[in-house]
Each structure stands twice: as structure tokens, then as C-alpha cells.
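I would like to see how this sequence folds:
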Amino acid sequence: MNAVIFFGDEAGVRPDHHAGTARAPKGKTPVVSSTGSRFGLNLMSAVAAQGEFRFMTVKGKAGAPRFIEFITRLLHGMPRMVFLIVDNHPAHRAKRVKAFAESVKDRFRLFYLPSYSPELNPDENDLKNNTVGKQCITGPEQLTKAVRGTLRSIRNSPARVRSYFNNETTRYAACV
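As a prediction, this is how the structure comes out:
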């Protein structure tokens with residue numbers, strides 16, 4: 001079967017996640033600027049070892065209806081069968097999702113990993129630890145712009161996506 005295999009997941013991004021180390025003069029405590037405001041943005045994404053990347057940002061809850069919307073977008077214009085491997089998040093296992101997957105079984109299959117597998121979501125780690133997590137985000141619009149900009153950059157760089165499959169925890173998937 002000539003299928004494209006995607007690894008997908010949802011993630012939440014908040015402005016109070018800071019990655020890396022802060023620097024300060026010797027004897028001074030480093031301080032990372034933050035607004036203290038509580039806001040965030042959810043997203044769904046899927047990566048393929050061949051360098052393909054798809055994403056969707058979600059305002060509000062990333063539940064079953066939004067996951068079905070993401071699958072629909074993933075399938076749009078896809079000439080081959082799609083295998084989507086996800087964790088056991090409740091939205092992924094919802095009856096509505098299973099019914100939808102059954103309705104498109106001629107071009108889509110859903111497979112499940114263990115419930116909590118952050119190491120198998122390298123695009124989320126890249127987003128949070130290498131880009132958005134290194135910025136001081138002051139408002140919801142700025143967060144949305146930063147997240148979408150990073151996701152577009154990832155999408156436009158197949159080599160970057162392929163590099164995710166060089167990690168020890170994801171290397172096995174590059175062989176498919």
C-alpha cells in the first residue's frame with residue numbers, strides 16, 4: 001500500500017513557558033520577563049519522515065470536533081492513503097472520531113501510541129523550546145502570530161521536518 005505516515009498530536013502553547021537559560025551578571029539572579037497574564041493557544045500538527053508538515057491552530061478546546069476538522073484538512077488534496085499515528089488523548093479516541101475515521105477508511109487509518117509520549121512530538125518540542133519559548137510574549141495576538149509564524153516556517157522547511165526523525169526516539173519512523 002502506498003501510504004503517507006504522519007505522526008500527529010495536539011499541543012498547548014502559553015506565554016509563561018520559557019526555554020533555555022537566562023543570564024545575569026555574577027551574583028545577580030536572572031529574571032525572565034513575563035506579563036503574568038494567563039492565555040494560550042492550542043494547535044494540532046502532523047509530521048511525516050519525508051519532510052511533510054501540516055498544522056492547524058485552535059482557539060479554545062482541541063476536542064473531537066476540532067480533531068475531525070484537522071483530519072479533514074489533512075486529507076484535503078492528499079492523493080495517497082494517510083496513516084495518522086496519535087497518542088491516546090480522549091479527543092483521538094472519541095466515538096465521533098472513530099465514526100469519522102470509519103467513514104473515510106478508503107483513504108485514512110488511525111493508529112495509537114501510548115497516552116503520554118512528548119518525545120514523539122518533535123515539532124512541539126521545536127516550537128516551545130527553540131522559538132516561541134525564547135520570546136517574551138505580551139498578549140494573545142502576539143502569541144498567535146509567533147506560533148503561526150513558527151509553524152509556517154517549519155512547514156516550509158522539509159529538511160527541518162526530516163531532521164526530527166534523526167532523534168533517538170523517532171529514528172525508527174524514518175525507515176518507513
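
please count neighbours and contacts with C-alpha atoms only from this point.
OK.

helix or strand for the most centrally placed residue in the chain, which one?
The structure's the chain has its C-alpha centroid closest to residue 45; by CA atoms, centre = their mean the separation is 3.8 Å. Using DSSP states H and E, residue 45 maps to strand 41-47.

after that strand, next one along is what?
strand 53-58.

and for that next one, what's in contact with it?
41-47, 66, 70, 74, 148, 151, 154-155, 158, 161 (CA atoms under 8 Å, 6 or more residues apart in numbering).

who wins on neighbours among those residues?
residue 47 (27 neighbours; other CA atoms under 10 Å).

distance check, the residue nearest to that residue when sequence neighbours are not counted against residue 28.
Once flanking residues are discounted, residue 47 sits nearest to residue 53: 4.6 Å by CA to CA, 6 or more residues apart in numbering. Per CA to CA, to the nearest Å, residue 53 is found 42 Å from residue 28.

so which of those two has more stuff around it?
residue 53 (25 against 8).

the helix of greatest length in the chain packs against which elements?
In the chain, with assignment by DSSP state H, the single longest helix is helix 140-155. Here helix 140-155 touches strand 41-47, strand 53-58, helix 158-163, going by 3 or more CA pairs under 8 Å, 6 or more residues apart in numbering; DSSP states H and E.

from the contact counts, what lies against the helix or strand bottoming out on mean pLDDT in the chain?
The weakest-scoring helix or strand in the chain, judged by mean pLDDT, DSSP states H and E, is helix 122-126 (a mean of 74). The helices and strands touching helix 122-126, judged by 3+ CA pairs under 8 Å, 6+ apart, number zero.

residue 86 touches residue 112, doesn't it?
Yes. Assessed by CA atoms under 8 Å, residue 86 is found in contact with residue 112 at 5.0 Å.

more neighbours, those two?
residue 86 (23 against 15).

show me what contacts the more buried one?
Contacts of residue 86 (CA under 8 Å, 6+ apart): 7, 8, 9, 92, 110, 111, 112, 113.

if I look at it, how far off is residue 161?
For residue 86, the distance to residue 161 - CA to CA - is 17 Å.

hang on, the earlier thing: same for the strand holding residue 45, what does it pack against?
Short answer (3+ CA pairs under 8 Å, 6+ apart): strand 41-47 packs on strand 3-13, strand 53-58, helix 140-155.
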